[in-house]
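1. Okay, here's the prediction I keep looking at, along with the sequence it came from:
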Amino acid sequence: MGDLDRRSRRPNDGNLPTKSLSPALQAHLDDGTTTLAWCWRISQADGVTFGFTDHDRTLSFDGTDFEPESGLTASEVRSGSDLSVDAQDAEGVLTSDRITETDILDGRWDNAAVEVWRVNWADTAQRVLMRRGAIGQIRRGRLAFVAEVRSLAHVLGQTVGRTFQATCDAALGDARCGVDLEDPAFKGAGAVVDLLRDRAFTTSGLGGFTSGSFTFGTLDWTSGANAGRRTEVLGHDVADGIAVLTLLEAPMRAISEDDAFTIRAGCDKRIETCSAKFANTARFRGFPHIPGQDAVLRYATKDGGHDGGVL
């Protein structure tokens, strides 16, 4: 007898979560012989939706085809009555053409929305949504991975609202910032000339920009093995007229000479940069004049002015 069978028969003690089952599914469970399967619908941040099942043939409902033998199997569902983050593990091997090691390492599955269904594979109209959540930590090996499916309670642990800090808390180019990153002054295009390290290289096409213009910016690959992927820029230096870019992390796929890219300016979130680089002080979203922690630790000194002014 499956876990859903036991749950439907167990009296509710006031703490256990309850599921609303359709009469047809309840009748199937009461029959004693069940044909149940797990189905996962995963929606990535870019809107692409995937379906997987531990059944041996394709199941379809709500416009999604759930791929069989995809290598995904489910652990027990751990749920609590408090506000702790409930979790379930989906583990498997890299057997599906749609689950690749590079996509996992590129972060395309991070925080993807997940629906976990218990389905009667003989009649998919008989199903129940067990939980919603998001992909959390992914542990991987050479041939297998384990993806943590976190419940919606994990959202309660996220910081909400603005932070009272000296630096700007807006993302460069967003609606709160207002800087147009499509402006040619803040956007460039180039190609790799020589590789210096796995994440550093000299470039062509950026001769009109001063050193540091693209530090903390973003780089979008437009050709080569990494085409379509975005990475963060750690440093932009110019020496003897040659531009050198250093990425925050080395791409999963090796960089090659002549790989083309589009690059956009970055910001270190200081008001001095906002003024000098972007002339955008009026929309600065930080609090640059708040006293720092050193103000609490200051004390009067023997040779101080002692005129009642700020220490």
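-> Here it is on my side, so go on.

2. Please count neighbours and contacts with C-alpha atoms only from this point.
-> Noted.

3. all strands in the stretch 51-200 of the chain, in order from the N-terminus.
-> Assigned by DSSP state E, counting those that start in this stretch, the strands in the stretch 51-200 of the chain fall at 59-61, 64-66, 73-74, 87-93, 113-120, 127-140, 144-151, 187-197, 200-204.

4. Where among those is average confidence lowest?
-> Lowest mean pLDDT within the strands of the stretch 51-200 of the chain: strand 87-93, a mean of 51.

5. Where does the prediction get shaky in the chain?
-> Scanning the chain for pLDDT under 70 picks out 1-18, 69-102, 105, 137-148, 150-159, 304-311.

6. In terms of residue numbering, what are the domains of it?
-> The chain resolves into domains spanning 23-157, 187-264 when parsed by the TED database.

7. okay, these in CSV with distance to residue 284 and mean neighbour count next?
-> Listed next are the domains of the chain as CSV, based on distance: least, Cα to Cα, whole Å; neighbours: other Cα atoms under 10 Å:
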stretch, distance to residue 284, mean neighbour count
domain 23-157, 27, 17
domain 187-264, 17, 18
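
8. who wins for proximity to residue 296 among those domains?
-> Closest to residue 296 of the domains of the chain, according to Cα to Cα: domain 23-157, at 29.5 Å.

9. Redo the domains of the chain as JSON lines? Include distance to residue 285.
-> Converted to JSON lines, those look like this (distance: least, Cα to Cα, whole Å):
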{"stretch": "domain 23-157", "distance to residue 285": "24"}
{"stretch": "domain 187-264", "distance to residue 285": "18"}
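
10. can you tell which of the ones you listed is closest to residue 272?
-> Proximity to residue 272 (Cα to Cα) singles out domain 187-264 among the domains of the chain, at 14.2 Å.

11. I'd say residue 165 and residue 287 touch.
-> Yes - at 5.7 Å, residue 165 and residue 287 qualify as touching, with contact defined as Cα atoms under 8 Å.

12. Is residue 191 in contact with residue 207, as I believe?
-> No - assessed by Cα under 8 Å, residue 191 is found out of contact with residue 207, at 11.9 Å.

13. For residue 283, find the nearest of the domains of the chain.
-> For residue 283, the closest of the domains of the chain is domain 187-264, at 19.1 Å, according to Cα to Cα.

14. Neighbours of residue 266, how many?
-> For residue 266, the neighbour count with other Cα atoms under 10 Å is 24.

15. Tell me how far stretch 246-253 lies from the chain's centre.
-> Distance of stretch 246-253 from the chain centroid (Cα atoms, centre = their mean, to the nearest Å) equals 17 Å.

16. Contacts for that stretch next, please.
-> By Cα atoms under 8 Å, 6 or more residues apart in numbering, the residues outside stretch 246-253 that reach it are 102, 105-106, 198-201, 225-226, 231-236.

17. run the last query once more with 7 Å
-> 102, 106, 198-201, 225-226, 232-236 (Cα atoms under 7 Å, 6 or more residues apart in numbering).

18. Let me have these in TSV, extended by distance to residue 215.
-> Shown next, in TSV, are the contacts of stretch 246-253 (distance: Cα to Cα, whole Å):
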residue	distance to residue 215
102	26
106	21
198	18
199	14
200	13
201	14
225	23
226	20
232	9
233	6
234	6
235	5
236	5
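
19. Which two among these are spaced furthest apart?
-> 102 and 236 (26.5 Å).

20. List phi and psi for residue 23.
-> phi -60, psi -40 (degrees, to the nearest 10).

21. who's in contact with it?
-> With contact set as Cα under 7 Å, 6+ apart, residue 23 has no partners.

22. Just give me the residue closest to the centre of the protein.
-> Centroid-nearest residue in the chain, with Cα atoms, centre = their mean: residue 110, separated by 4.5 Å.

23. which residues does that one contact?
-> 135, 136.

24. For the remainder of this discussion, apply numbering that starts at 41.
-> That works, and once the first residue is 41, the last one we named lands at residue 150.

25. Phi and psi next, for it.
-> phi -70, psi 130.

26. Would you quantify the distance from it to residue 245?
-> For residue 150, the distance to residue 245 equals 33 Å [Cα to Cα, to the nearest Å].

27. Give me the contact list for stretch 66-76.
-> By Cα under 7 Å, 6+ apart, stretch 66-76 touches 45, 158, 159, 160, 161, 162.
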